[in-house]
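[1] sequence? don't have it. structure:
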DNA sequence: AGTTGTTGACTTGTATGGAAGTAGGCATGT
DNA sequence: ACATGCCTACTTCCATACAAGTCAACAACT
């Protein structure tokens, strides 16, 4: 799973290599919208802040640039990229395709241990306090990752992390927008259909679940227009 | 598309930044099996070879490590990673899921211009001389990319590059193994079904097309056992 | 007033030296 | 013969210095 670290009051571990640590922290800060789109980042400034030299900071920048989270403009500066609207839609497309196949596989085999595990997770999801969507997002991640692992494609989840991060940024910006109880109901349906080995119904349930983000996107775009680039009409996606 | 550059006799462009150029060249050399698994790479050696300092080489290493093509062992050395068998299978799974949905979308709408374009490409594929599989792989890339673009998810192809590179390494190792004419026939069927707007048959055709690599994998593993890690039985995938 | 040119403080890109850790050869001691 | 410890030559990682490009403020000129 994407290790979203708690960056607040975070400190470097002297024993481990510096550069990968910075990478994780900065990525977490960007995805969780602590570093907002178009924010200017400076190599020497961050180096000073974390008490290291420019080089490890720079190496973290390069990685994050490759992941589409930073934009490095030579001799000008480094900036947090705005959210690429098209990338979000494409990421969603990939996720739907992959997870639909995952669910199909699971509903075909029918794994009672898995269903038991998922039902336990559903209870945890229902117990999430009203005002802490962060906790729900964490449990949601775990739910979908469990499905991937059960289908024998655990590494798929790792591979999709870069793609998923685009969607996650949207989720963290629009915390309040998410209809948690609705999402839990959808999770529950998916589990039900897996248990009943109703293959195509399970697949459909997953697909419409992953289309949920499309409902919030127009509103997000309206609220924070300058957070996005490549904006376009998404009616064709629905 | 993945810019596989012609690394033979390649030279640096003095105007552009060095590090991204090195990244492309080294990636091409690894995927095309010019740099073989477990080959040791040395920062100072490559720096000397290309007439630059160690730093840009190092930055290229970091990117390639993130893509799963290199393994950097601190204070020990940097090595070309063996091909992760599980990663190949998972990459194939993702590709099948995504391209199945792409084809479904295309067969639903029915785009005559697209079909025309694809038929032209099929002719090019048929004209590939017997002994040059490299040329066919290039055309194959183009074929699948055309489908993605037509479905309005062009960026998906970019996003899957890292995943796809795992499969591509296998393809370049097993050049001769690929039954080109068989693959072209499969391409043709896909185009036919898109034209006829036979949705589920088009989807099935794409799925079995992308399962083709599973047939060659056991043989590849047998021929080059030390090129792979995480080897496992793939019978469950078929 | 408006335009142009220069200067200087920024930025990222590259080069280079040293710190810390690893691995293997080799002499020494048992 | 064999185990132990040192020494040397490597590796990656980090720090620092310099090179080259950008941008804005400002002086000088038309």
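    Yep, it's here. What you see is a predicted model; the values in this text were computed from it and never measured.
[2] could you report the neighbour count for the nearest residue to residue A:154 once chain neighbours are set aside?
    Using C-beta to C-beta, 6 or more residues apart in numbering or on different chains and skipping the chain neighbours, the partner closest in space to residue A:154 is residue A:148 (5.9 Å). (Glycine included, C-beta is placed from N, CA and C.) Neighbour count of residue A:148, defined by other C-beta atoms under 10 Å in any protein chain shown: 21.
[3] which residues touch residue A:148?
    Going by C-beta atoms under 8 Å, 6 or more residues apart in numbering or on different chains, residue A:148 touches A:99, A:102, A:154, A:156-157.
[4] once you drop chain neighbours, what's closest to the residue nearest to the spatial centre of chain A?
    Residue closest to the average C-alpha location in chain A (C-alpha atoms, centre = their mean): residue A:168, at 3.2 Å. In this structure, residue A:168 finds its nearest non-sequential neighbour in residue A:31, 5.1 Å apart by C-beta to C-beta, 6+ apart.
[5] so how far is residue A:24 from the one you found?
    Residue A:31 is 11 Å from residue A:24, where distance means C-beta to C-beta, to the nearest Å.
[6] the more surrounded of those two?
    Neighbour tally, residue A:31 and residue A:24, criterion other C-beta under 10 Å: the higher count belongs to residue A:31, 22 against 17.
[7] re earlier: can you pull the pLDDT of the residue nearest to the centre of chain A?
    pLDDT, residue A:168: 93.
[8] what's the spacing between it and residue B:48?
    Counting by C-beta to C-beta, the gap from residue A:168 to residue B:48 is 42 Å.
[9] which residue sits farthest out from the middle of chain A?
    Chain A, C-alpha atoms, centre = their mean, max distance from centroid: residue A:75 (31.2 Å).
[10] before we move on, what SS does that residue have?
    coil (DSSP: H, G, I helix; E, B strand; the rest coil).
[11] what angle sits between the longest helix along chain A and helix B:85-109?
    Secondary structure of chain A per DSSP state H: the longest helix is helix A:85-109. For helix A:85-109 against helix B:85-109, the angle by axes from the mean of the first three to the mean of the last three C-alpha atoms, to 10 degrees is 110 degrees.
[12] in contact with the nearest residue to residue A:73 once chain neighbours are set aside, which residues?
    Distances taken as C-beta to C-beta, 6+ apart put residue A:79 closest to residue A:73, at 7.3 Å, once the chain neighbours are dropped. Contacts for residue A:79 were tallied using C-beta under 8 Å, 6+ apart; they are A:38-41, A:70-71, A:73.
[13] going by distance to DNA strand D, which of those residues wins?
    residue A:73 (7.6 Å; C-beta to the nearest atom of the strand).
[14] and the closest one, how far is that from residue A:112?
    For residue A:73, the distance to residue A:112 - C-beta to C-beta - is 54 Å.
[15] cool, residue A:95 as well?
    Where residue A:112 is concerned, residue A:95 sits at a distance of 26 Å (C-beta to C-beta).
[16] likewise for residue A:230?
    45 Å.
[17] hang on, the earlier thing: buried subset of the contacts of residue A:148 as a PyMOL selection?
    A single PyMOL command selects the buried members of these (16 or more other C-beta atoms under 10 Å in any protein chain shown):
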select buried, chain A and resi 99+102+156+157
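[18] and of the contacts of residue A:148, the nearest to DNA strand C?
    residue A:154 (28.5 Å).
[19] that closest one and residue A:202, how far apart?
    Per C-beta to C-beta, residue A:154 is found 20 Å from residue A:202.
[20] next: residue A:152.
    17 Å.
[21] and those two? Which one has more around it.
    When residue A:152 and residue A:202 are compared for neighbours, residue A:202 comes out ahead with 26 against 19, by other C-beta under 10 Å.
[22] chain A: strands as residue ranges?
    A:40-41, A:70-73, A:77-80, A:83-84, A:228-229 (DSSP state E).
[23] and for the fourth one, what are the contacting residues?
    Spelled out, it's strand A:83-84. For strand A:83-84, the surrounding residues in contact (C-beta under 8 Å, 6+ apart) are A:37, A:68, A:166, A:169-170, A:173, A:227-230, B:155.
[24] filter these to the buried ones?
    Applying 16+ other C-beta under 10 Å to the contacts of strand A:83-84 flags A:37, A:68, A:166, A:169-170, A:173, A:227-228, B:155 as buried.
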